[in-house]
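J.: Sequence plus predicted model, see below.
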Amino acid sequence: MVDFAAISPHLNIRISPKAKRLALRLDSHAGCINLVIPHKSSMKKAYEFAQLNQSWIIDKIGSLPSPVPFIDEQTLTLMGKEHKIKIEICDRKYTEIKVIDGKIRVKTQLDDPSSRISRFLRKLAETELKKIADQKAAILERKLTGFCVRDMKSRWGSCSTDGRMTLSWRLIFAPYHAMDYVVSHETAHLIHANHGKKFWELCSSLSTDYSTGKEWMRLNGVNLGKYGKSPSHLQKNPEE
Ligand SMILES: [Zn+2]
């Protein structure tokens with residue numbers, strides 16, 4: 001039997017009816033490498049392919065940013081400002097979380113409130129991103145007909161010309177100008193469904209610092225996935 005985990009514990013096997021050839025793809029959000037195997041290919045051949053590319057796999061996994069778990073004393077950037085998580089374990093029925101004076105104060109009886117903190121930050125992201133999106137839409141004398149935040153993998157947002165906007169909740173961890181750029185980009189799609197010259201002119205006029213924000217997202221956007229992952233995340237095989 002072939003043991004893929006021996007090549008790397010971060011290797012995921014994906015058997016694909018559509019794929020034409022063997023391929024290795026980095027999933028930086030999940031912190032793993034997907035080995036895409038065409039339906040007709042043999043496991044032995046796939047194993048040899050992965051083995052041949054083992055150093056590439058190790059290099060790619062090693063280049064991923066360290067996870068930033070939501071634990072006590074962790075510092076996070078929220079809307080461009082540093083905040084420290086302060087967890088106070090106490091005897092109370094419900095976990096209470098507040099953002100005050102550069103701190104995310106958590107009062108809880110849970111040993112690990114990280115999923116509560118994650119839910120709280122997601123809600124905060126939704127409120128804050130919607131506020132910015134509404135303001136920008138108002139400049140264009142348009143209204144959003146729908147708004148939600150999600151965990152998006154391959155892009156940071158989407159917006160249809162009928163006014164439904166979806167943004168990645170992880171934008172809350174980006175500097176303000178980068179977050180502002182992505183919201184401006186999606187808002188500009190209320191008017192232009194393409195990425196033509198007029199679209200970019202409008203996007204630029206809606207942004208506070210368009211070129212810096214765009215460049216920051218290009219260079220660092222992919223790293224936003226590190227927030228909220230546990231330190232053991234990269235140790236595990238994501239399929240297990
Ligand atoms: Zn776009």
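T.: Cool, got the structure.

J.: Can you name every helix or strand that the longest helix along the chain contacts?
T.: Secondary structure of the chain read by DSSP state H shows that its longest helix is helix 114-139. Taking 3 or more C-beta pairs under 8 Å, 6 or more residues apart in numbering; DSSP states H and E as the contact definition, the neighbouring helices and strands of helix 114-139 are strand 96-100, strand 103-108, strand 146-150, strand 164-168, helix 176-188. (Each C-beta comes from the backbone N, C-alpha and C, glycine too.)

J.: Pick the most deeply packed of the ones you listed.
T.: With neighbours defined as mean count of other C-beta atoms under 10 Å, these peak in mean count at helix 176-188, which reaches a mean of 24.

J.: one step back: turn the helices and strands packed on helix 114-139 into CSV, columns for distance to Gly31 and mean pLDDT.
T.: As requested, these are arranged in CSV below (distance: least, C-beta to C-beta, whole Å; pLDDT from 0 to 100):
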stretch, distance to Gly31, mean pLDDT
strand 96-100, 26, 96
strand 103-108, 24, 96
strand 146-150, 19, 95
strand 164-168, 17, 96
helix 176-188, 22, 96
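
J.: So which of those is nearest His39?
T.: Among the helices and strands packed on helix 114-139, the nearest to His39 by C-beta to C-beta is strand 146-150 (30.4 Å).

J.: thinking again about what came up before, buried residues in the longest helix of the chain?
T.: Applying a neighbour-count criterion of 16 or more other C-beta atoms under 10 Å, the buried positions in helix 114-139 are 114, 116-117, 120-122, 124-126, 128-130, 132-134, 136-137.

J.: tell me how far it is from the chain's mean position?
T.: Relative to its parent chain, helix 114-139 has a centroid offset of 14 Å by C-alpha atoms, centre = their mean, to the nearest Å.

J.: and the closest residue to Val222 other than its chain neighbours, how far is that from Leu219?
T.: Distances taken as C-beta to C-beta, 6 or more residues apart in numbering place Ser28 nearest to Val222, at 5.2 Å, with adjacent residues excluded. From Ser28 across to Leu219, the span is 13 Å (C-beta to C-beta, to the nearest Å).

J.: Verify the contact between Met165 and Gly146 for me.
T.: Yes - A contact is recorded between Met165 and Gly146 when judged using C-beta atoms under 8 Å, the distance being 7.0 Å.

J.: got a list of contacts for the helix or strand containing Gly213?
T.: Assigned by DSSP states H and E, Gly213 belongs to helix 210-220. Around helix 210-220, the neighbours that count as contacts under C-beta atoms under 8 Å, 6 or more residues apart in numbering are 156, 174-175, 177-182, 184, 203-204, 207.

J.: Between those residues, which sits nearest Ile87?
T.: Lowest distance from Ile87 to those (C-beta to C-beta) belongs to Ala174, with 24.2 Å.

J.: distance of the closest one from Asn223?
T.: With distances taken as C-beta to C-beta, Ala174 is found 10 Å from Asn223.

J.: the more surrounded of the two?
T.: Neighbours were tallied for Ala174 and for Asn223 using other C-beta atoms under 10 Å; the higher tally belongs to Ala174 (25 against 16).

J.: and the more buried one, what does it touch?
T.: With contacts defined as C-beta under 8 Å, 6+ apart, the neighbours of Ala174 are 77, 80, 182, 216-217, 220-221, 224.

J.: Same question for Tyr47.
T.: Tyr47 touches 2, 4, 7, counting by C-beta under 8 Å, 6+ apart.

J.: hmm, which of the residues you listed are the buried ones?
T.: Among the contacts of Tyr47, those classed as buried by 16+ other C-beta under 10 Å are 2, 4, 7.
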